[in-house]
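Asks: Sequence first, then the predicted structure:
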Amino acid sequence: MKLSTDIKIRLFGPLALFLFGTFFFRLNWYFEFSPYQIIKTDLIAILAGYTCWELTRRVVVYLQRRYPSHTQTRIRLRWLLLALPVLANFGWLIRKVAHTLIDQKGWFWPHPVDYTSSLGIQFFYHCVYMVIYEGGYLLRQWRQTYVEKEALVKTNMQSQLDSLKTQISPHFLFNSLNSLSSLIGENPRQAEAFVDEISSVYRYLLRSNEVDLTTLRNELAFIDSYFHLLKTRYTAGIELYVFAPEQEQGLLLPPLTLQMLVENAVKHNIMLPEQPLQIEILARDGHLIVRNNLQRKQASVPADGVGLVNIAAKYRLLGTAGVDIRDDGESFVVTLPLLTPTVANTPATLPVARSGL
């Protein structure tokens, strides 16, 4: 508890409890006793309240320092329950001694009913003292634990997200080099153009690891360059159609999402001039839809866990669900949510080779 807050509680807490106790326990006294007796009784009550408050506070703070962990809460509560009767009797004793000295009367034992009633009131007050300090301590511990847990979860999620992003660079480079290796023997001129495209595309890929989200506009410009690599390799065997209204292009998605979806279609389908692979990219109503016709390769292609699994994991770590995958036998469709800029800070613009899809 902050020092300023503790001082205010210690200053005004006993007065507030005195007014509360006067209203509920001693209001009839103001109609039965003289002003002198009322003032005397009130001063004794206030003095006893401040004394008992400070004593109980010291006991609670001592136990909190002796057993500070939240796992030791039961130990603290056990000691407080043991201390409660002692503190309540001490509060009764203070008031008894004060009345005896002020009234200048000899000591006498009270009637058992009066003692029980007064002790019950003291139990109530000391329970309030303990609840204020121990309850506040437990609340601060809970807040600290919650903040630490949230920070740990966030750190863990960011670590997983960074791990997912680092999977893309070697995966993409490996596939690109395989394509380049094939082109060198088949068409050296195309291989040279392919190298130029790779340098532009790979520059975007390297920068994509620096951000968690990018705009759809950046992704579309990148996929334009990436599609030129595919077109160089497969010529008329692949076609790309894009429809993304301007108002949708400012929305966000994880970097390289489109590249992985297009690559997934290329990986699992036949691409021939007489039987082209047709890929459609559509943005509407805050969603991105990527569709391709199905013409599966006869030989099964082993999954490497980088494509669709990576995309779904990224969205899950970003706290967004709703990745929908459909296969109706004729087409393969992936629908993804596009995030608004208010969900996260809009990332820096990433470099691309071409634009103008």
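Replies: Cool, the structure landed. Numbering: from 1, shown residues only.
Asks: use CA for all of it now, contacts and neighbours both
Replies: Will do.
Asks: what about R140, distance to R10?
Replies: 18 Å (Cα to Cα, to the nearest Å).
Asks: For my notes, confirm G319 occurs in a helix.
Replies: No. Judged by DSSP: H, G, I helix; E, B strand; the rest coil, G319 forms no part of a helix; its state is coil.
Asks: Next one: it from L253, what distance?
Replies: Taken as Cα to Cα, the span from G319 to L253 is 12 Å.
Asks: quick one, which of those two is more surrounded?
Replies: Using other Cα atoms under 10 Å as the criterion, G319 and L253 rank with L253 on top: 27 against 9.
Asks: how about that one, what does it touch?
Replies: By Cα atoms under 8 Å, 6 or more residues apart in numbering, the contact set of L253 is L213, T214, T215, L216, P337, L338, L339.
Asks: Next, give phi and psi for the closest residue to it other than its chain neighbours.
Replies: Excluding its sequence neighbours, the residue lying closest to L253 (Cα to Cα, 6 or more residues apart in numbering) is L213, at 5.3 Å. Dihedral angles of L213 (phi, psi; degrees, to the nearest 10) stand at phi -140, psi 150.
Asks: now do the one 10 residues further on
Replies: Per-residue torsions, I223: phi -70, psi -20 (degrees, to the nearest 10).
Asks: pretty sure it is in contact with L261, am I right?
Replies: No. With contact defined as Cα atoms under 8 Å, I223 does not reach L261; the gap is 10.4 Å.
Asks: ok, those two, which is more surrounded?
Replies: Legend: neighbour count by other Cα under 10 Å for I223 and L261, higher for I223 (24 against 21).
Asks: Now do that one against L229, distance only.
Replies: 10 Å.
Asks: what does A83 give?
Replies: 79 Å.
Asks: and the closest residue to P254 other than its chain neighbours, how many neighbours?
Replies: Leaving aside its sequence neighbours, P254 sits nearest to L213 (Cα to Cα, 6+ apart; 4.5 Å). A total of 22 residues lie near L213 under the criterion other Cα under 10 Å.
Asks: any shared contact partners between I223 and L261?
Replies: Common neighbours of I223 and L261 (Cα under 8 Å, 6+ apart) do not exist.
Asks: any low-confidence regions in the stretch 51-200 of the chain?
Replies: The model of the stretch 51-200 of the chain has pLDDT under 70 over residues 98-114, 151-176, 178-179, 182-183, 187.
Asks: Please enumerate the helices of it.
Replies: Counting by DSSP state H, counting those that start in this stretch, the stretch 51-200 of the chain has helices at residues 73-103, 112-186, 188-208.
Asks: Mind jotting down where the helices sit in the stretch 201-350 of the chain?
Replies: Counting by DSSP H, counting those that start in this stretch, the stretch 201-350 of the chain has helices at residues 216-234, 257-268, 308-317.
Asks: In stretch 273-293, which residues are buried?
Replies: By 16 or more other Cα atoms under 10 Å, the buried positions in stretch 273-293 come out as 276-283, 286-293.
Asks: hmm, which two among the residues you listed are most spread apart?
Replies: Spatial extent of those (Cα to Cα) is set by the pair P276 and G286 at 29.1 Å.
Asks: The closest residue to L180 other than its chain neighbours - how many residues pack around it?
Replies: Nearest residue to L180, sequence neighbours excluded (Cα to Cα, 6+ apart): A191, at 6.1 Å. For A191, the count of nearby residues is 21 (other Cα under 10 Å).
Asks: Might one say that A191 is in contact with E197?
Replies: No. Using Cα under 8 Å, A191 makes no contact with E197, being 9.8 Å away.
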